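S.K.: give the three-dimensional model of this entry:
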Amino acid sequence: MNSKKINKFNITKLSLTVSDEASLANLVSLHGHACWSHTSKELPLTQAERDLICKFKSNLKNYLYKVGQGRFCCFCAAELDDHNATFDLEHLIAKVNKPSVVFHLQNLALSCKTCNSAKGITSVLVFPLINEFDQVYLDSSHYLIVNPHLDVWTDYLRIDSYRRVLPVYKNFVGKGAQTIRICGVDRKNAMRLADHFDFLATDDKKYDDWVTFYVTLCSQRNELKKTKYRKFLKSLLGLPADPAADELRNILAPVIAGT
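M.R.: As a prediction, this is how the structure comes out:
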């Protein structure tokens with residue numbers, strides 16, 4: 001679990017030089033964010049330039065995994081496998097049309113593929129207008145979600161006894177809740193709850209229905225949410241006296257209350 005911020009570091013920690021850093025800056029000025037995909041044959045890059053980008057990405061992954069960040073996804077705190085193909089270098093501020101953020105060390109962190117895919121190019125900045133500017137912001141207050149370079153994960157998020165990731169503060173628009181929403185963590189939470197209940201984990205159709213239900217439940221804050229909740233529990237859990245039904249009601253009570 002990320003109980004500390006990533007300490008600020010420079011490119012020499014990646015066994016690269018200041019000259020290499022200048023070369024990367026030149027490449028991104030020429031080719032924009034497209035040069036991140038250094039294997040693309042459509043880009044007019046020399047082999048040396050491709051090798052430099054590859055070295056930057058590989059060395060940064062290794063540094064963050066072993067030293068800077070630890071073995072955890074910066075969003076959901078899932079432990080990352082030591083094979084680096086199982087996790088991604090995440091651009092906190094999406095790199096599309098923003099050359100300055102592409103190789104910026106404080107805009108890159110490790111995330112699991114699930115969170116990376118869910119987040120996509122969603123803006124993570126508090127003020128929509130500043131999303132138009134090509135720069136990395138170094139003040140935590142600019143970000144909707146937990147930023148591993150500027151925030152301590154455990155200040156905003158926690159893991160409960162069912163292994164769900166939940167916000168520390170019961171605030172629908174707080175950093176913890178926004179991280180869960182933007183990075184699709186509710187889906188993981190639903191799956192972890194399903195692992196706990198045999199009647200969900202042994203039927204794939206029921207399992208899929210449950211995941212859809214839980215994600216919908218967590219994303220809506222109106223009467224429709226309560227209606228879906230009652231209907232689902234009645235059909236899935238059977239009699240009100242069912243111990244599993246009682247436990248699940250207790251688990252979902254804070255969600256229903258809108259916390």
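
S.K.: following element in sequence after the helix or strand of the chain with the lowest mean pLDDT, please.
M.R.: Ranked by mean pLDDT, DSSP states H and E, the helix or strand of the chain with the weakest confidence is helix 223-237, at a mean of 69. Next along the chain after helix 223-237, taking DSSP states H and E as the criterion, comes helix 243-256.

S.K.: what's the spacing between that following helix and its chain's center?
M.R.: 26 Å (CA atoms, centre = their mean, to the nearest Å).

S.K.: same deal with stretch 207-214?
M.R.: Counting by CA atoms, centre = their mean, stretch 207-214 comes out at 21 Å from the chain centroid.

S.K.: now stretch 189-196 - C-alpha only, PDB.
M.R.: Extracted in PDB, the C-alpha atoms of stretch 189-196 (Å, rounded to 0.1, in the frame of the first residue of the first chain):
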ATOM      1  CA  ASN A 189     -14.700  -3.600  -5.300                       C
ATOM      2  CA  ALA A 190     -17.700  -5.500  -6.600                       C
ATOM      3  CA  MET A 191     -15.500  -8.500  -7.600                       C
ATOM      4  CA  ARG A 192     -13.900  -8.600  -4.200                       C
ATOM      5  CA  LEU A 193     -17.300  -8.700  -2.500                       C
ATOM      6  CA  ALA A 194     -18.400 -11.400  -4.900                       C
ATOM      7  CA  ASP A 195     -15.300 -13.500  -3.700                       C
ATOM      8  CA  HIS A 196     -16.800 -13.300  -0.200                       C
END
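
S.K.: so for it, mean pLDDT?
M.R.: For stretch 189-196, the mean pLDDT works out to 88.

S.K.: what sits up against that stretch?
M.R.: 162-166, 180, 200-201, 207, 210-211, 213-215, 218, 248, 251 (CB atoms under 8 Å, 6 or more residues apart in numbering). All C-beta atoms are positioned from the backbone trio N, CA, C, and that covers glycine.

S.K.: out of those residues, which are buried?
M.R.: Buried subset of the contacts of stretch 189-196 (neighbour count, 16 or more other CB atoms under 10 Å): 164-166, 180, 200, 207, 210-211, 213-214, 218, 248, 251.

S.K.: which one among those residues gets closest to F9?
M.R.: Checking the buried ones among the contacts of stretch 189-196 against F9 by CB to CB gives V165 as the nearest, at 26.7 Å.

S.K.: what bridges to the closest one?
M.R.: I159 (DSSP bridges).

S.K.: and it, what is it in contact with?
M.R.: Per CB under 8 Å, 6+ apart, neighbours of V165: 76-77, 157-159, 180, 185, 188-189.

S.K.: what about 10 Å?
M.R.: Taking CB atoms under 10 Å, 6 or more residues apart in numbering, we find V165 in contact with 1, 73, 75-78, 153, 157-159, 176, 179-180, 183, 185-186, 188-189, 192.

S.K.: next step: those restricted to strands.
M.R.: 157-159 (DSSP state E).

S.K.: in this structure, which spans are helices?
M.R.: 18-31, 47-63, 99-102, 113-119, 175-182, 185-196, 198-201, 204-219, 223-237, 243-256 (DSSP state H).
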